[in-house]
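Novice: What follows is a predicted structure for the sequence shown.
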Amino acid sequence: MIDCLRHAATWMAAAAAVLMASAALAQPRSGLSPEVDAIFNRWVATTCTGEEERKLIDELRRHAAPLAVAFRKAIVAGPPPAQLRAARIAAEVRFAAREKFPWQDYRIEGVSEKDLAAFRRVSQAAYVDDQVRRFSTGYRSNAIAGLGIVGGPGARDVLMRIASNADDPLALAARDAIRSSRP
């Protein structure tokens, strides 16, 4: 089981490296200086917590005006095409590794045989599409959280509109951003 976890962690690290490299190679967003664009890219790709997150939030607040515009655009547009391509490639790599994994050599507990069979039946296309959708939703969710932090004219209205749509997968992120935003 340890080897399984180590193998999964290796592929996840490779995928993260591909995504971070694509962000680093991307051209700065229109209207953002390279420094502010780097802050934006770190935020929308972040999973940091604690002190690292607090430092990044301080950087967001120092550049609130240009970031508010960038976050609003990111909520609508989602990740740039290059990042979506990188996410797709990383998901394809993970799926290939998953297909090669020797399931028969491990006893898996806590999951029914029916659920394991369903997991194994997922096609590459379905898996990759799901992973890309999740990446895009996470990117947009982080943009929503960023907008909640930096605020700006109309930010609360944008967040309220998203939060009030129960069918929007970003509604929960918008509600959280409203709760944590500065008045």
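Specialist: Okay, I see it.

Novice: remind me which residues of the chain are low pLDDT?
Specialist: Counting by pLDDT under 70, the chain contains low-confidence residues at 1-30, 48, 182-183.

Novice: rerun at 50
Specialist: 1-11, 13-14, 17-19, 21-26 (pLDDT under 50).

Novice: Helices of that one, start to end?
Specialist: 2-25, 34-44, 50-62, 64-77, 81-100, 113-121, 124-150, 155-163, 171-180 (DSSP state H).

Novice: Would you reformat those as a markdown table and include mean neighbour count?
Specialist: Heads up, the C-betas are built off the backbone N, CA and C, glycines and all. Shown next, in a markdown table, are the helices of the chain (neighbours: other C-beta atoms under 10 Å):
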| stretch | mean neighbour count |
| --- | --- |
| helix 2-25 | 13 |
| helix 34-44 | 19 |
| helix 50-62 | 13 |
| helix 64-77 | 19 |
| helix 81-100 | 16 |
| helix 113-121 | 10 |
| helix 124-150 | 19 |
| helix 155-163 | 18 |
| helix 171-180 | 17 |
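
Novice: Now distance to Tyr106 too, for the ones you listed, in JSON lines please.
Specialist: Below are those laid out as JSON lines (distance: least, C-beta to C-beta, whole Å):
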{"stretch": "helix 2-25", "distance to Tyr106": "6"}
{"stretch": "helix 34-44", "distance to Tyr106": "36"}
{"stretch": "helix 50-62", "distance to Tyr106": "34"}
{"stretch": "helix 64-77", "distance to Tyr106": "40"}
{"stretch": "helix 81-100", "distance to Tyr106": "13"}
{"stretch": "helix 113-121", "distance to Tyr106": "11"}
{"stretch": "helix 124-150", "distance to Tyr106": "20"}
{"stretch": "helix 155-163", "distance to Tyr106": "42"}
{"stretch": "helix 171-180", "distance to Tyr106": "34"}
